[in-house]
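*Asks:* would you be able to build a 3D model of this:
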Amino acid sequence: QVQLVESGGGLVQAGGSLRLSCAASGTIFSINTINWYRQAPGQQRELVAAIHNDGSTDYEDSVKGRFTISRDNAKNTAYLQMNSLKPEDTAVYYCNADVSPYSDYRYRWYWGQGTQVTVSL
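*Replies:* Next up is the predicted model:
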């Protein structure tokens, strides 16, 4: 059974920084793409950043230059470093990963439970 657990959310003032972590646990053979999504109240969930197994990254336009996604394959963990935070970054942030477990080697998408990020003025 694969689980994704996010951590690192919290309350921060505008201009501040947070670092989110997404740890994958279970009998994992391989992880392809890892995504960070966010969902603000009354809004649709949106893709914020992605990192692929070759290390290439993609970012939503509003976070380019402020957020950095990274991964540590040895730890099956991904990170989202968020700098220069703005009130509009307030949302629940979710980790989403394409994981192949040893049980059958089939890739499936998994979701974490989310972590709240609140940016105050």
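
*Asks:* which positions in stretch 84-96 come out as buried?
*Replies:* Buried residues in stretch 84-96, counted by 16 or more other Cβ atoms under 10 Å: Leu85, Asp89, Thr90, Ala91, Val92, Tyr93, Tyr94, Cys95, Asn96. (C-beta placed from N, C-alpha, C; glycine too.)

*Asks:* and for stretch 106-121?
*Replies:* Of the residues in stretch 106-121, those buried (16+ other Cβ under 10 Å) are Tyr110, Gly112, Gly114, Thr115, Val117, Val119.

*Asks:* run a quick neighbour tally on Glu6.
*Replies:* Counted with other Cβ atoms under 10 Å, the neighbours of Glu6 add up to 22.

*Asks:* any idea how far the helix or strand it falls within is from the middle of the chain?
*Replies:* Remark: Glu6 resides in strand 3-7, with elements defined by DSSP states H and E. Strand 3-7 sits 9 Å away from the centroid of its parent chain (Cα atoms, centre = their mean, to the nearest Å).

*Asks:* quick one: which of the buried residues of stretch 106-121 is nearest Leu18?
*Replies:* Checking the buried residues of stretch 106-121 against Leu18 by Cβ to Cβ gives Val117 as the nearest, at 6.2 Å.

*Asks:* what residue, apart from its backbone neighbours, is nearest the closest one spatially?
*Replies:* Residue nearest to Val117 in three dimensions, not counting chain neighbours: Gly9, with 4.8 Å by Cβ to Cβ, 6 or more residues apart in numbering.

*Asks:* so what does the one you found have for phi and psi?
*Replies:* The phi and psi values for Gly9, taken as degrees, to the nearest 10, are phi -70, psi 170.

*Asks:* try Ala74
*Replies:* phi -70, psi -30.

*Asks:* ok, it - contacts?
*Replies:* For Ala74, no contacting residues are found, by Cβ atoms under 8 Å, 6 or more residues apart in numbering.
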